Structures are given as C-alpha cells and as structure tokens.
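A.B. asks: here you go, sequence then predicted model.
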Number of protein chains: 2
Amino acid sequence: MKYEAAKLKDISKVLGLSVSTISRALNDSYEISEKTKKLVREYAEKINYRPNPVAVSLREKRSRSIGVIIAEIANSFFSQMINGVESVAHAKGYNVIITQSLESYERELSNLEFLASRSVDGCLISVSTETKNFDHITRLHKRGFPFVCFDRIIDDIKTHKVSIDNFKGAYDATKELVKSGFKRIAMLGNAEHLSITQERLSGYKAALADAGLVFDESLIRYCLHGGMIYGEVEQAMNELMSLRKKPDTFFAASDKLTTNFVRYCKAKKISIPNKLGLVGFSNLDLTDLLTPALSVIRQPAFEMGEAAAELLIKLIEAKRPPADFENMVLPPELLIRGSSERKK
Amino acid sequence: MKYEAAKLKDISKVLGLSVSTISRALNDSYEISEKTKKLVREYAEKINYRPNPVAVSLREKRSRSIGVIIAEIANSFFSQMINGVESVAHAKGYNVIITQSLESYERELSNLEFLASRSVDGCLISVSTETKNFDHITRLHKRGFPFVCFDRIIDDIKTHKVSIDNFKGAYDATKELVKSGFKRIAMLGNAEHLSITQERLSGYKAALADAGLVFDESLIRYCLHGGMIYGEVEQAMNELMSLRKKPDTFFAASDKLTTNFVRYCKAKKISIPNKLGLVGFSNLDLTDLLTPALSVIRQPAFEMGEAAAELLIKLIEAKRPPADFENMVLPPELLIRGSSERKK
DNA sequence: TTGTATGCGTTATCAA
DNA sequence: TTGATAACGCATACAA
C-alpha cells in the first residue's frame, strides 16, 4: 500500500508549464510573472501540494531537523527538556527526532549513527550512564557534525554545553540536611564516571566540610543505571542500611534515585523523615503530593532544552566554526519540603 | 559549518571501480565476486561508510520511519506507550519520529502535515482533545497514507485500532467505589466528544445502574484539556464541591485528572479517602507512593504501543489494503489501594 | 563479473 | 519570462 503525494511534475502537466517554472513560481521567484504565479499557486493549493522534504533534503544537503539523544523519555527531567527543545526548534522551522538510549551504550551508538548519517543537521546529546568512551561522538564532531552537550557533559569535546550548577545543587541539598540536624548523610549517586556525579559529589563533600562533618566514603553508593532499575537502588540501600553506623539521611543525586529511595522506604516501612531524611534531585511535579512532600533540587529542564536547541541551531546555521563556545550553567532550585525536616 | 560524510563515489574513486559495483558489493549482490566484495567492504568499513538515508528514501520512496502523534510526552501513559512503539519499530528496522500536539488542534494539524509529506511511511495517532473534525486524517487516509489509531479512537475511519476496554475500566472503578460504600460518585472526564470519554461515561453509568444508584448529571464535569491544565480541574472541583449535595467520592477518567484531583485535595486540605474517595486512570508509577496510595486503573501502555507499531508496519509493508481491520481492545487493570477505602 | 545510464523530486545554472 | 538540463546519492535495468 503506497501513498502517492502530488509533485511538481503533476502540476506541470496539468498547467502546461515546465517543472522549473512551477518550482520558481511556488518559491516566489522574481523571474516569474504575477499571472503565472497566481495560476500555479492556486492549483497547488487546490491539490494540496507540499514539496517532498526528502528530495529537498537531498538537494540542499540538510534536513532541517535536529536529533536528540536522551536516556529515557519516561523521565520527567528529559520530557520537560524535550518540550523546551521542541518549542525553539519548531519556531525556527526545525523538526525534532527523539531517540532514547535507555542508558545503554549500544543503543546510544546506533541512535547516533542513524541520526548522524545525514538524517539530521545536528544533535543534542546527554550521554548514557554506560558510556565511558566518547569516540563515537568526538569522531563525528571532528568531521564537522554539530553537537551540543547538555546535562551529562563530555569534558574533552569543544562545543556548546548546557548544564546546571551541579555542585551548587548538591551543596545546597546537603547543607539543608545539615541545617536540619542530620549527621550521617549518605549519598546515592548516578554512575561514578559521569560528570554530573562527580560535580554533585564535590558539592556534597564541600557542604560536609563547611559544616565540620567528616566525609565517609562508606556512605557513598553509585548506581550504574542512575536508579532506572529498582534493584540497583535496593541493593545500594540494603548495603547502607546494614552498616554498623547507619546513615540518618540521604542525598539522592538523580530523579530515579529519589523516587526509588522513597519506594524502598515505603517497602521497608522506614519513615521519612523520622528515620531517614531526604533531599533529592527530581523534576517530577508529583513530589509535592507525597507524604511527606519531598524536598527536591529541581532543574530548569524546559529552559535547558530551549537553550540547547538555540545553540545547536546557531551552530548548524553558522558559516564556519565559532571562535569560542558557550558553556551555559543554569542554577538549580532547592524546594524545601517535609522530607528534610528533622522531627525529633 | 557542514558535515560531509563518505559516499559511494568516494569509494569508487579510491578503488577504481564504478559506483554501481560498489553499491552492489555493499548490498551483497550475487553479481559481484567475493574478492571485490571483500575489498569494497573492508574499505567501506575503514572509512566508516554509511548509506545516505535521504538518498535511499528518495530512491525507494519510503523512509523506513514511522510517525507518532500524541498529546504530550510528559504523560506517563504516552511515554510508556512510546517505549513499546520504539521496541517494535527498531526491531523491524524502522525509526520513530515523535511529535506532540499538546492537546492543540493546530499543532496536530501541522505535525501531521509534516509527517505525511513523505517524511514517514505511516503514522500512529491519538487525537488531541481539541480535535473534533477529523478531515485532515481521513483525507490522507483515503489517499492511502497508513494510519493506526490508538487510545483516542476515531470511529469513522476504517483502519487498525488499538485501545483499551474503557467501558470496563470505568465500570470496575465505579463498582469498586460502590463496594466501598460511597454513594455520590462524581466523574471528572476528559473532553466530552472524545471516544474514550463517552465509553468511560457509559461504564460509569452502567456500574451505577447495576448498584441501584441513580445517575446524576450534575456530578459530571468535563475538562477540555484532559486535566493538563490545573485551572480547569480546579474549576470543575470548585463547582462540584459547592453543590448542595456534594459528591463523596470521585472517578477521575484520565492520568492528569487523577493527579490534579489529588493536588486539589491537598491544596484544600481535603482528606482522601475520609472526605473524598478516589479511583482514577493513571499510569504513573508513583501513585503507590502517595499517602494514601491511589487506587488506579492502569492501561497496558507498553503493550498498546507494541501492538500499534506492529499493525502499522504490517499495513505499510502490505502490497494492498487488507480486507479487514483489527480492532484490538486490551484489558485495563484495576489496582485497589488506599484512596478508595472508606474509613468511617 | 563489471560498467553505463536512468530515475527518485527538487532547485539552480544556463540557454532561449 | 520561461524551458531544458544537471546535480544531490543511491539502486537497478540494461549493456558489455
């Protein structure tokens, strides 16, 4: 079953004009008489003619579309971010092709390969947790394929970057827990090698230091899939909760870690914040409906999407590589709610 | 700035063979000698050659990609559904282009136009709440553009459809509330003209009738944006809660209606289920973490996505229109939790 | 077994 | 002001 759309040739035949005349008339070329333009336009309108974007792409060597590689659509941070990307892209006449890696290096690779093989003019990427080697990205980048990194940044690639101040987010979160009187603050982190994990770890450490608390390595656990899989959070929690000196509160460094921490506490009937306090990264707009409401670090996801798309399109449309690259760092927002309030 | 990828011509020049030989060698044609194939393959591998999908699309008159039009990515039902779509599509060598209408007819129209203008081989669609006229869809469909409808079904279009048993979902939800002893059951519905709304309304009515309760029109409120905007839910709730004979429980007929109902109760300090009971449609995997945990009707979103993608690809690859169309109706699942338990 | 020519739908160059 | 022709990258019918 095949859908046949109207093409220039069809119009050309009916109106008895050449294909090139039709093309020029529809593109409002100065070379064509008003009379002819009107005739052509009206007929094209009538049969609902639309230029074939595939042919235009081949001809113009650009597709007017951008690709996005994220970990998971069903993650509030990413879905909000995509809304920002779409709003800018559509306004500038670009389409957005979304692909998800599901935190798998293999999938990231094949998605990127598809996108880069000229289906899109450039790409926004937040690498998967599994990705430790960035050759697939740098290789393309060196050959001129436009990238903008966001969220999970790759350090040694020279291009525009959009992220949040992860250090500050973690610092503020930890400081808030300290302020509430918690002493043994554990951290659930995303994969250890990720830039966001390291920055958040630094913020956490700095806040401890400033509060005169000693940093205890044994209170740190990393989850290779960023908490996407409940089992990895469960295991990390089991380990931490069976320490001789148990933590009395948690800093959860990603969306899924935060919710799966709550899930764990619910399952084990651990009361928040009485038994364990919590501040976590989350962009879910349901965290305020939990009991207790969760204290969260919220990222300006929509704005990050807007900024990243803006930068990427600028890169695509630039005649030559820009002299310097933007490194946008947006501020996170700490929303203090019940889960970090020490009760006793 | 432009990214130039390798093409057949490049290989052809280097190896001193014609473009067609290269093409055939890479496509493993029987006409080419093993020796040549090996030579070509190795060099192609070395320079990381990938065929230009745009050129292939133009040539083959198909793009090996499918489009999806949904209301909103940041909606658990849709994002889970997309995961199902992607898993099937990728397995069959198709790419997925996602667009969101944000419940706007205008956006649905322009998204569809983009997708149909030969960027994709077919389309999965769940119409926006604003869409009352389906001409833009039926017009394309009549001209042979493959569609599969899911979730929000269009009745008068002859094609494959994937939905859930909305009647049963609503019936079970309402019956559960009746069983708990609630008497005045209000319904928050999506836009009135949607098929899902009508079916859910019927299920609700039938359950009332079977329980010997009278149907009271004044207890029904429709939200034109399916609860996506908090204000519309707030207004509906304000109206219902200022009735002389207030409802004592709610059936919320969509994801966003359910969560915004909870948000409203939290804001107004209305205790669930003591003051108001609730069963609502929701696919969020956080509803069990609320206090009380929410009783929800859960849709098999992932499976729906798989089924819809499967049917669409079958449609695309069929030589001619199938004699009859599938009308898949999957069962919803009622998860009974705290919010529908009558306490007093 | 390999090469040449053609066409997919569009736009741009050149000619009329 | 309009038309014929070439080109974008690829795959295939036809020639050799």
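C.D. replies: Looks like it came in fine.
A.B. asks: what's near enough to touch the closest residue to residue A:109 other than its chain neighbours?
C.D. replies: Nearest residue to residue A:109, sequence neighbours excluded (C-beta to C-beta, 6 or more residues apart in numbering or on different chains): residue A:136, at 5.4 Å. (C-beta placed from N, C-alpha, C; glycine too.) Contact analysis of residue A:136 by C-beta atoms under 8 Å, 6 or more residues apart in numbering or on different chains lists A:108, A:109, A:112, A:113.
A.B. asks: which of those fall in strands?
C.D. replies: For the contacts of residue A:136, not one is inside strands, with DSSP state E as the criterion.
A.B. asks: out of these, which is most surrounded?
C.D. replies: residue A:108 (25 neighbours; other C-beta atoms under 10 Å in any protein chain shown).
A.B. asks: which residue is the nearest non-sequential neighbour of it?
C.D. replies: Per C-beta to C-beta, 6+ apart, closest to residue A:108 is residue A:101, 4.0 Å.
A.B. asks: and residue A:277, by the same measure?
C.D. replies: Nearest one to residue A:277, counting by C-beta to C-beta, 6+ apart, is residue A:249 at 3.4 Å.
A.B. asks: who does the one you found bridge with?
C.D. replies: For residue A:249, the beta-bridge partners under DSSP bridges are residue A:185, residue A:277.
A.B. asks: verify the stated contact: it with residue A:276.
C.D. replies: Yes - counting by C-beta atoms under 8 Å, residue A:276 is a contact partner of residue A:249 at 5.9 Å.
A.B. asks: thinking again about what came up before, what's the first helix or strand after the helix or strand encompassing the residue nearest to residue A:109?
C.D. replies: Assigned by DSSP states H and E, residue A:136 falls within helix A:135-142. Using DSSP H and E, the helix or strand that directly follows helix A:135-142 along the chain is strand A:147-150.
A.B. asks: which residues of the stretch 201-344 of chain A lie near DNA strand C?
C.D. replies: Not one residue of the stretch 201-344 of chain A sits near DNA strand C, judged by C-beta under 7 Å from any atom of the strand.
A.B. asks: what parts of the stretch 201-344 of chain A come near chain B?
C.D. replies: When proximity is defined as C-beta under 8 Å from any C-beta of the partner chain, the stretch 201-344 of chain A approaches chain B at A:259, A:262-263, A:266, A:284, A:286, A:288-291, A:315-316, A:318-321.
A.B. asks: for residue A:264, helix, strand, or coil?
C.D. replies: helix (DSSP: H, G, I helix; E, B strand; the rest coil).
A.B. asks: most centrally placed residue in chain A?
C.D. replies: In chain A, the residue lying closest to the centroid (C-alpha atoms, centre = their mean) is residue A:78, at 4.7 Å.
A.B. asks: just the contacts of residue A:136: which are in helices?
C.D. replies: A:108, A:109, A:112, A:113 (DSSP state H).
A.B. asks: what's the most distant pair in those?
C.D. replies: The span of those, defined through C-beta to C-beta, is set by A:108 and A:113 at 9.5 Å.
A.B. asks: skipping its backbone neighbours, what lies nearest residue A:339 in space?
C.D. replies: Leaving out its chain neighbours, the residue that sits closest to residue A:339 by C-beta to C-beta, 6+ apart is residue A:278, at 4.3 Å.
A.B. asks: verify the contact between that neighbour and residue A:249 for me.
C.D. replies: Yes - Residue A:278 lies in contact with residue A:249 (C-beta under 8 Å); the separation is 6.8 Å.
A.B. asks: got any residues that touch both of these two?
C.D. replies: residue A:340.
A.B. asks: after the strand or helix carrying residue A:24, next one along is what?
C.D. replies: Element membership for residue A:24, per DSSP H and E: helix A:19-26. Downstream of helix A:19-26, the first helix or strand assigned by DSSP H and E is helix A:34-46.
A.B. asks: and stretch A:281-290, what's buried?
C.D. replies: A:281, A:282, A:283, A:284, A:286, A:287, A:288, A:289, A:290 (16 or more other C-beta atoms under 10 Å in any protein chain shown).
A.B. asks: quick one, phi/psi of the third one?
C.D. replies: The phi/psi pair for residue A:283 (degrees, to the nearest 10) reads phi -110, psi 10.
A.B. asks: quick one, what contacts it?
C.D. replies: A:76, A:77, A:80, A:255, A:298, A:299, A:301.
A.B. asks: restrict those residues to those near DNA strand D?
C.D. replies: Checking the contacts of residue A:283 against DNA strand D (C-beta under 7 Å from any atom of the strand), there are no matches.
A.B. asks: narrow those to those in strands?
C.D. replies: residue A:298.
A.B. asks: now, which of the contacts of residue A:283 sits nearest residue A:196?
C.D. replies: Nearest to residue A:196 among the contacts of residue A:283 is residue A:299, at 10.2 Å by C-beta to C-beta.
A.B. asks: quick one: contacts for the nearest residue to residue A:73 once chain neighbours are set aside?
C.D. replies: Spatial nearest neighbour of residue A:73, excluding adjacent residues (C-beta to C-beta, 6+ apart): residue B:79 at 4.7 Å. The contact partners of residue B:79, by C-beta under 8 Å, 6+ apart, come to A:73, A:74, A:79, B:73.
A.B. asks: if you set the cut-off to 10 Å instead, what comes out?
C.D. replies: A:72-76, A:78-79, A:100, B:70, B:72-73, B:98, B:283, B:301, B:305 (C-beta atoms under 10 Å, 6 or more residues apart in numbering or on different chains).
A.B. asks: swap in residue A:333?
C.D. replies: The neighbourhood of residue A:333, defined by C-beta under 10 Å, 6+ apart, consists of A:164, A:169, A:172, A:296, A:297, A:298, A:299, A:300.
A.B. asks: would you turn the residues you listed into a markdown table with neighbour count and distance to residue B:43?
C.D. replies: Shown next, in a markdown table, are the contacts of residue A:333 (neighbours: other C-beta atoms under 10 Å in any protein chain shown; distance: C-beta to C-beta, whole Å):
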| residue | neighbour count | distance to residue B:43 |
| --- | --- | --- |
| A:164 | 25 | 45 |
| A:169 | 27 | 49 |
| A:172 | 20 | 55 |
| A:296 | 28 | 53 |
| A:297 | 27 | 51 |
| A:298 | 20 | 51 |
| A:299 | 26 | 46 |
| A:300 | 18 | 47 |
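A.B. asks: check the residues you listed and tell me the two furthest apart.
C.D. replies: A:172 and A:300 (14.5 Å).
A.B. asks: got a list of contacts for the helix holding residue A:24?
C.D. replies: A:7-15, A:17-18, A:29-34, A:36-41, A:43-44, A:49, A:51.
A.B. asks: ok, the residue nearest to residue A:108 - contacts?
C.D. replies: By C-beta under 10 Å, 6+ apart, the contact list for residue A:101 reads A:69-72, A:107-112, A:125-131.
A.B. asks: quick check: PyMOL command selecting the buried ones in those residues.
C.D. replies: Buried subset of these, written as a PyMOL selection, criterion 16+ other C-beta under 10 Å:
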select buried, chain A and resi 69+70+71+72+107+108+109+111+112+125+126+127+128+129+130+131
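A.B. asks: nearest to DNA strand C: which residue in the stretch 201-344 of chain A?
C.D. replies: Per C-beta to the nearest atom of the strand, the residue of the stretch 201-344 of chain A with the smallest distance to DNA strand C is residue A:317, at 15.5 Å.
A.B. asks: what sits against that residue?
C.D. replies: Residue A:317 neighbours (C-beta under 10 Å, 6+ apart): A:62, A:92, A:121, A:122, A:146, B:1.
A.B. asks: against DNA strand C, how distant is residue A:13?
C.D. replies: As judged by C-beta to the nearest atom of the strand, to the nearest Å, residue A:13 and DNA strand C stand 12 Å apart.
A.B. asks: could you say which helix or strand holds that residue?
C.D. replies: helix A:8-15.
A.B. asks: same question for residue A:199.
C.D. replies: Using DSSP H and E, residue A:199 maps to helix A:195-210.
A.B. asks: which helices and strands does that helix pack with?
C.D. replies: strand A:160-164, helix A:166-179, strand A:185-189, strand A:220-222, strand A:249-252 (3 or more C-beta pairs under 10 Å, 6 or more residues apart in numbering or on different chains; DSSP states H and E).
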